[in-house]
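Chemist: got a predicted structure plus its sequence, pasted below:
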Amino acid sequence: MESQSQVLERLRTAFESRVTIPEKFRRTQLTNLMSMIKDNEEQIVNALHKDLTKPKFEAILSEVEIVMNELHCALSNLTSWMQPEYVSKNLATKLDECFVRREPLGVVLIIGPWNYPMQLLIVPLIGAIAAGNCVVIKPSEVSAATDNLITELIPKYLSKDCYAVVRGGAKETQALLKNRFDHIFYTGSQAVARVVLQAAAVHLTPVTLELGGKCPCLIYGRVNATAAAHRLVWSKFFNAGQSCVAPDYVLCSKATCDALVPALRQVLEDFYGSDIQKSPDMSRIVTPKHWTRLMGLLNRTKGKVVVGGEHDEKDRYIAPTVVVDVAEDDALMEEEIFGPILPILTIESLEESIKLTKTKEKPLAFYVFSDESSVVKKVLENSSSGGFCSNDGIVHMALPGLPFGGVGNSGFGHYHGHWGFEAFSHQRAVMLRGWALEKLNALRYPPYSDEKLSWLRWTTSPKSCSIILYQTEVLEVMCQVLFEKFLPF
Amino acid sequence: MSREQQAVARARKAFETGRSKSVEYRINQLKNLQRLFSERQKEIAAAIKKDLNKTEVGAQFYETLGLEGEISLFIKNLKEWAAPRHVKKNLLTMSDTVYIHPEPLGVVLVIGAWNYPWAVTIRPLIGAIAAGNAAVVKPSEVCVHTSKVMEDLLPIYIDKELYPVVTGGVPETQELLRQKFDHIFYTGNSTVGKVIMEAAAKHLTPVTLELGGKSPCYIDKNCDISIACRRVTWGKYSNCGQTCIAPDYILCEPSIQNRVIEEVKKCIKEFYTDNPKTCPDYGRIINQRHFKRVMAMLEDSNIAVGGENDESDCYIAPTVLRDVKPEAKVMQEEIFGPLLPILPVSSLDEAIKLINKGEKPLALYVFSPDNKVIERMRDETSSGGFLANDCLVHYSVSALPFGGVGNSGIGCYHGKFSFDRLSHLRGCLVKKLKMEGVNDMRYPPHTLKKLGWARFFILNTVDVGWVGRMALLAALVMVAAVVIQVI
């Protein structure tokens, strides 16, 4: 079995041979990745079911289709993404070629989490491949069945020289992090993120951190409680609440809470039936450790459980649970819940609610439900979060045009679609100058003088008197030639 | 509370008042900064003269001219850059509003360097202000006089609570680094860069690191050597070689080495006279410590031009070294001084190999009339920026991103890149609580039929004009009506 350093050496040699540079190679790899997903959809769904009891519907939507969508996006746009981007110039550089070239970084590391073990590993991988890098892929060992499947499939479909899966737990990951990478993409918790950053600092490695946080959900003003309840239940209890962008807690007035709770209860029954544990559409908690953690929170809460609360340790099952009369310092408000428990804090005014969210770390997503656009606007403008969605949850993630990422404690950097390509590229500034117009260049050479400086100000500024001349390229070229002829130096 | 803690706390409080949110406020601050440069040139120039022996014209050209241009660019474009940026939607979100909302990060720390103290300290500050942040400015203590001028003048012109200047050396910087920032922007060397990144790790703070490296300069034997050497001489000896993107060393074939030396010698004389020591346009090494560092590099080298020096004046003459080998002392670290080593290489292949053995530099230069040579050099190497047939000037094009890769840095800035780098680009989806029937397909209980619809609607992106959008919307409504009936 190959050691970690052997794997890295192999990938680095492959990168230095420049095999990943041509568009054709990247396209082939992305197409193969697409085949990998298509050919093995059933195995993927089964593995996810083993790991998280993920319903087939959720698995297809959030782990297969979203990945396919990203692949389609990359394959359709790769050519344009790889094109040099020409930029505007000042008068002194008009005859030069100035553009930005996207270049691969080298050998990158992607560390995936366990909650969406396919999506959150493969979507970054798509960006890394499209950008021309070699990639070390580290799936989460917690979602063991998916880890096994990925380890088996990747070498079957992708170039073994350029992409390698490295497995293991905390010890193996720490050893892996001692190596030098050209970028590290980490999805997971803040605690581990600090370890990743410290390891990256040793080599000055740039990092993308996709973390989490407590995503607030404010419900104020005129609200269609039934519609809101549908969307809230769907986004909260999808994957049994184990989503980095799940609405973590609700803030609303007492009246809204009173209208909301029965609506939530009804929707839960509509979705999962009267015996939720028997519904095939409800996931389970990933490990006994997390189950215990969540039950601990529920046991310590000083709020009142008004919906759910049922649990089964052997089945790692916790019913979708709603807790009201939750105070700011409650156990459920200590950390990101990451489970099917929805605390509702009753705060009469929108302003007070906004104030409360400001005392907390910036989350990955921020939600507001309201039929009043003024309420939505107020929340948007008085909050900070990775992303923002009004009157729904999670779905903003499915739009590849939006950069997906955190801010503050919820992370930095972003990806999806073109953003993924950029995250794994170096934007290299390229300028190709000519040999002519050396006299114009003379303005900058010593001996320095005030007169030269004034000419320079004019030619290097992108504005003012040059505006009229900018109208045609011909006039601009003439201008430069005139400089050449009539400069007094 | 320490002085540093106080400054950061005050800046955060000022940020939380929300006054830097409005674009008008930010533009006003930038206009005030503009006034600083138009009104205080004399004081700025006097301090730079003391620190780096630049003339007033030199100071303007290399430091403040670029800043004035940058501020004008920002004032002109800020409204557009700060506005919501609309993006592609999918079929299901066609009637929703989807956009990117640029927002401030919060409190940014800007740590400046000493070589172009105004340029590298204020340019990131411009980006920070424009993006709506508060910014703690920490000028380099090495340029003693300039940092004092910054401390005195900035609070007079710009909001002194939002943008405090904190001066000091290593202990003060360490104290600053213990505080929580929303972004740290550092210009300097990679050793300190690592320290900054480690400190940032504790608070999960993103960083921009503008570092350096040995920027190679390849001169093709077929090029116009006279022009090439003029441009290289200018790029190398400006600011006495203390430029992060100065051509660090030359690679060329042995057959042109003598010619290169001759031409550079000619240009040195043309720019700096026979006695650069008395020429007002030639600078000095910043301090004795750096003087000793640079002089030590000469130990095992062959001096072809220059070599004269005067420790008491921190003066080192424009110097060229010949027949330098990769193992030489002068090739072990970034020179950051007026020594120009020439390493003879037998071919472009050898040059590329040598370059790739080293760390990725901040800039890479190639002088050649042959596009194929330029393309090969560009394609087979990596560097922050790449410039063919000149030195330094890519820095002046605001539309080009300026930054490093690998050991030469993380992130980039200048112009819009500064704005984006110091903003949070927040993805926003603004929906209404209507059309709930359409959402039905994603709700449990799950059926295969629903799955089929969901696959189609949720995950296909659309990019059509208004008419197309309306047509699709109508079709969607009709389909939704059918779907609702069917499910």
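Modeler: Thanks, I have it.
Chemist: correct me if wrong: B:W234 contacts B:D390.
Modeler: No - counting by C-beta atoms under 8 Å, B:W234 stays clear of B:D390, with 9.0 Å between them. (Each C-beta comes from the backbone N, C-alpha and C, glycine too.)
Chemist: which one of those two has more residues nearby?
Modeler: B:D390 (24 against 21; other C-beta atoms under 10 Å in any protein chain shown).
Chemist: pretty sure the more buried one sits in a helix.
Modeler: No - counting by DSSP: H, G, I helix; E, B strand; the rest coil, B:D390 is not part of a helix but coil.
Chemist: the residue lying closest to it once chain neighbours are set aside and B:L340: what is the separation?
Modeler: Spatial nearest neighbour of B:D390, excluding adjacent residues (C-beta to C-beta, 6 or more residues apart in numbering or on different chains): A:R433 at 4.4 Å. Distance of A:R433 to B:L340, computed by C-beta to C-beta, to the nearest Å: 20 Å.
Chemist: ok, the two, which is more surrounded?
Modeler: B:L340 (32 against 21).
Chemist: could you dump whichever strand or helix holds the more buried one to PDB, C-alpha only?
Modeler: According to DSSP states H and E, B:L340 maps onto strand B:339-344. Extracted in PDB, the C-alpha atoms of strand B:339-344 (Å, rounded to 0.1, in the frame of the first residue of the first chain):
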ATOM      1  CA  LEU B 339      22.900  43.800  -7.000                       C
ATOM      2  CA  LEU B 340      22.100  42.300 -10.400                       C
ATOM      3  CA  PRO B 341      23.500  38.800 -10.800                       C
ATOM      4  CA  ILE B 342      23.700  37.300 -14.300                       C
ATOM      5  CA  LEU B 343      23.500  33.600 -14.500                       C
ATOM      6  CA  PRO B 344      24.600  32.200 -17.800                       C
END
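Chemist: tell me how far that strand lies from the chain's centre.
Modeler: The chain centroid and the centroid of strand B:339-344 are separated by 27 Å, computed with C-alpha atoms, centre = their mean, to the nearest Å.
Chemist: quick one: residues in contact with that strand.
Modeler: B:232, B:236, B:241, B:247, B:249-254, B:257, B:260-261, B:264, B:294, B:297-298, B:301, B:304, B:316, B:318-326, B:328, B:330-331, B:335, B:354 (C-beta atoms under 8 Å, 6 or more residues apart in numbering or on different chains).
Chemist: so who does the residue nearest to B:D390 touch?
Modeler: Applying C-beta under 8 Å, 6+ apart, the residues near A:R433 are A:93, A:96, B:387-390, B:393.
Chemist: for the stretch 201-350 of chain A, which residues are neighbours of chain B?
Modeler: Proximity of the stretch 201-350 of chain A to chain B, by C-beta under 8 Å from any C-beta of the partner chain, involves residues A:201-202, A:204, A:206, A:209, A:211, A:223-224, A:226-228, A:230-231, A:234, A:270-273, A:279-282.
Chemist: mind checking which of those residues land in helices?
Modeler: Per DSSP state H, helices hold the following members of these: A:201-202, A:226-228, A:230-231, A:234, A:270-272.
Chemist: tell me which helix or strand in the chain has the weakest average pLDDT.
Modeler: Let's take chain A. The least trusted helix or strand in chain A, going by mean pLDDT, DSSP states H and E, turns out to be helix A:466-469, with a mean of 44.
Chemist: not quite, I wanted chain B
Modeler: Ranking every helix and strand in chain B by mean pLDDT, DSSP H and E puts strand B:461-462 at the bottom, with a mean of 45.
Chemist: run the chain-centre distance for stretch A:404-419.
Modeler: With C-alpha atoms, centre = their mean as the basis, stretch A:404-419 stands 4 Å off its chain's centre.
Chemist: cool, stretch A:183-201 as well?
Modeler: Using C-alpha atoms, centre = their mean, the offset of stretch A:183-201 from its chain centre is 14 Å.
Chemist: and B:K54, what is it in contact with?
Modeler: Contacts were defined as C-beta under 8 Å, 6+ apart; by that measure B:K54 touches B:45, B:48, B:62-63, B:239, B:283.
Chemist: which two among those residues are spaced furthest apart?
Modeler: B:A45 and B:N239 (14.4 Å; C-beta to C-beta).
Chemist: CA-only coordinates of the helix or strand harbouring A:M295 in PDB, if you can.
Modeler: In this assignment (DSSP H and E), A:M295 forms part of helix A:288-300. What follows is helix A:288-300 as a C-alpha-only set of coordinates in PDB (Å, rounded to 0.1, in the frame of the first residue of the first chain):
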ATOM      1  CA  PRO A 288     -24.200   7.100  18.300                       C
ATOM      2  CA  LYS A 289     -21.800   9.900  19.500                       C
ATOM      3  CA  HIS A 290     -23.900  12.600  17.700                       C
ATOM      4  CA  TRP A 291     -27.100  11.000  18.800                       C
ATOM      5  CA  THR A 292     -25.900  11.300  22.400                       C
ATOM      6  CA  ARG A 293     -24.800  14.900  21.900                       C
ATOM      7  CA  LEU A 294     -28.200  15.900  20.500                       C
ATOM      8  CA  MET A 295     -30.100  14.000  23.300                       C
ATOM      9  CA  GLY A 296     -27.900  15.800  25.700                       C
ATOM     10  CA  LEU A 297     -29.000  19.200  24.400                       C
ATOM     11  CA  LEU A 298     -32.600  18.100  24.500                       C
ATOM     12  CA  ASN A 299     -32.300  16.900  28.000                       C
ATOM     13  CA  ARG A 300     -30.700  20.100  29.200                       C
END
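Chemist: if anything else comes up later, I'll come back, but that's it for now.
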